[in-house]
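Peer 1: Whatever this is, show me its structure:
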Amino acid sequence: FVREDWSMKRLIKQITLSSTYQMASTPDEQGDARDPENLLLHRARIRRLEGEVIRDSILAISGRLDPITFGPSVPVQVTSFMQGRGRPKDSGPIDGDGRRSLYVEVRRNFLSPMMLAFDTPIPFNAVGQRNASNVPAQALILMNDPFVVEQAKLWAKSVVEQESTSEARIHAMYLAAFSRPPSEEEIAEGEAFLQEQGKALGLAAERILDDERVWSDLCHVLLNVKEFVYLR
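Peer 2: Residues are numbered from 1 along each chain as shown. Presented below is the predicted three-dimensional model:
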């Protein structure tokens, strides 16, 4: 750091280009045996994404993300359960107009339930480091939050319009959600899930793969997979 004339940019470049920084988090039997707590960083540590990143990622794969930078903030969505002093007269859109989480308004008494569940700091005091919890509320948010359900439907609609076969659709969904192709087993499991959902909805066998509802359910399932919210 001193030799490089105290340059933060050069220090960050050196760190990010190092082999340690670029390691995968894949377990290594020999390394784990010698360094079970990973104190020597023989592999990367698995980290959960921040709430804002999870929300932005959901918007991105649904095709709703607005990449425009700058501009006014978007009013926060206020649900019927969010009551109290200073409650805004009008609620913002459920998806924040597709804007990145950075541009969603922060009201101290009316914070986003999704952001709170994923450890976004409460803006009453300065916070030096965020918590990284793993609690049931996070799974419940991804399962039940209207924003997540709505984006799953938009994602399904996009996939159905762009791909013609079930295998191609599942392949595209895995690439979007996990940045990797699905295995043969995962494709088979996905197709089996679609059939089960179709039967539960009372659809005829020949119509199941054409119904966006079953694809929306599969998209919703993928948003709840740990691999979607953890950086590996």
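Peer 1: Dead centre of the protein: give me the residue that sits there.
Peer 2: residue 54 (3.1 Å; CA atoms, centre = their mean).
Peer 1: secondary structure element for that one?
Peer 2: Remark: residue 54 resides in helix 51-62, with elements defined by DSSP states H and E.
Peer 1: packing partners for that helix?
Peer 2: Using 3 or more CB pairs under 8 Å, 6 or more residues apart in numbering; DSSP states H and E, the elements in contact with helix 51-62 are helix 113-117, helix 146-162, helix 226-229. C-beta: built from backbone N, CA, C; applies to glycine.
Peer 1: So which bits of the last one are buried?
Peer 2: Residues 228-229 are the ones in helix 226-229 that count as buried (16 or more other CB atoms under 10 Å).
Peer 1: on contacts alone, who are the packing partners of that helix?
Peer 2: Using 3+ CB pairs under 8 Å, 6+ apart: helix 226-229 touches helix 51-62, helix 166-178.
Peer 1: Tell me the gap between the helix or strand of the chain with the lowest mean pLDDT and the middle of its chain.
Peer 2: Taking mean pLDDT, DSSP states H and E as the measure, the chain has strand 230-231 as its least confident helix or strand, at a mean of 86. Taking CA atoms, centre = their mean, to the nearest Å, one finds the center of strand 230-231 at 9 Å from the center of the full chain.
Peer 1: helices or strands next to it in the packing?
Peer 2: Judged by 3+ CB pairs under 8 Å, 6+ apart, strand 230-231 is in contact with strand 47-48.
Peer 1: Quick check: neighbours of the strand it packs on in the sheet, parallel or antiparallel?
Peer 2: strand 230-231 (antiparallel) (DSSP bridges).
Peer 1: one step back: what's the per-residue pLDDT of the residue nearest to the centre of the chain here?
Peer 2: For residue 54, the model assigns a pLDDT of 95.
Peer 1: quick one: it and residue 106, what's the gap?
Peer 2: For residue 54, the distance to residue 106 (CB to CB, to the nearest Å) stands at 17 Å.
Peer 1: same deal with residue 134?
Peer 2: 24 Å.
Peer 1: coming back round to it: for the residue nearest to the centre of the chain, which residues are in contact?
Peer 2: 118, 228-229 (CB atoms under 8 Å, 6 or more residues apart in numbering).
Peer 1: Could you do residue 153 as well?
Peer 2: 212, 216, 219.
Peer 1: Quick check: the last one touching residue 149?
Peer 2: No: the pair residue 219 / residue 149 is not scored as a contact, 9.8 Å apart, by CB atoms under 8 Å.
Peer 1: Can you tell me who residue 104 pairs with across the strands?
Peer 2: As assigned using DSSP bridges, the partners bridged with residue 104 are residue 74.
Peer 1: re earlier: what's the most buried one of the helices and strands packed on helix 226-229?
Peer 2: When the helices and strands packed on helix 226-229 are scored by mean count of other CB atoms under 10 Å, the highest mean neighbour count falls to helix 51-62 (a mean of 21).
Peer 1: the inter-axis angle of that helix versus helix 166-178?
Peer 2: Helix 51-62 and helix 166-178 are oriented at 150 degrees to each other (axes from the mean of the first three to the mean of the last three CA atoms, to 10 degrees).
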